[in-house]
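K.L.:
got a predicted structure here, sequence first:
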Amino acid sequence: MDNDCKFTDLQDELCFFDLFSGDNTIVIPLFQRPYSWQKQHLDQFLADINDIFDGNANSAFLGTITCTAREHNPGRPKPWEVVDGQQRLSTLYLLLMASAETLARHGAIRSAAGILATYLLVRPFSDNPINTK
């Protein structure tokens, strides 16, 4: 992982790319509240991201997401259970889905497929009925 992305000096800290790339899956446990962000939460979140795109900031702290690795069989996707940050994580996931759809609608099929393959889907497994992260 790029050390510029790290918030702490812990060895097991991951950045968003490390968590979402590869064959990791994200598990939202039943004790988590349903997705409930309101427009003002989303507006602030998107404003922070836009500051980076507009060149007003080199980075933005989008909040901490705390996950714990769950047991998994070798050769299977590694599940990460979300302990804290489910609202932000869900928002990022939805933003990536919307980006892929927008790119595809505008003919940028390779870019859309890249987002899907990198951040939203795991490789298909014969006994796994779904392949979303």
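P.N.:
Received it, and whenever you're ready, just let me know what you need.

K.L.:
now the longest strand seen in the chain: buried residues?
P.N.:
Scanning the chain for the longest strand, with DSSP state E as the assignment, gives strand 78-84. Residues of strand 78-84 classed as buried by neighbour count (16 or more other CB atoms under 10 Å): 79, 80, 82. Every C-beta, even on glycine, is put in place using the N, C-alpha and C of the backbone.

K.L.:
not counting sequence-adjacent ones, nearest residue to residue 121?
P.N.:
residue 131 (5.2 Å; CB to CB, 6 or more residues apart in numbering).

K.L.:
residues in contact with that neighbour?
P.N.:
Contacts for residue 131 (CB atoms under 8 Å, 6 or more residues apart in numbering) come out as 121, 122, 123, 124, 125.

K.L.:
let's see that with 7 Å instead.
P.N.:
For residue 131, the contact set (CB atoms under 7 Å, 6 or more residues apart in numbering) comprises 121, 122, 124.

K.L.:
quick one: name whatever helix or strand follows the longest helix anywhere in the chain.
P.N.:
Assignment by DSSP state H gives helix 86-105 as the longest helix of the chain. As assigned by DSSP states H and E, the chain's next helix or strand after helix 86-105 is helix 109-115.

K.L.:
extract the CA atoms of that next one and return them as CSV.
P.N.:
Extracted C-alpha coordinates of helix 109-115, given in CSV (Å, rounded to 0.1, in the frame of the first residue of the first chain):
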residue,chain,number,x,y,z
ILE,A,109,-17.3,0.5,-22.0
ARG,A,110,-13.7,-0.4,-21.1
SER,A,111,-13.6,2.2,-18.3
ALA,A,112,-17.0,1.0,-16.9
ALA,A,113,-15.8,-2.6,-17.1
GLY,A,114,-12.6,-1.7,-15.3
ILE,A,115,-14.6,-0.1,-12.4
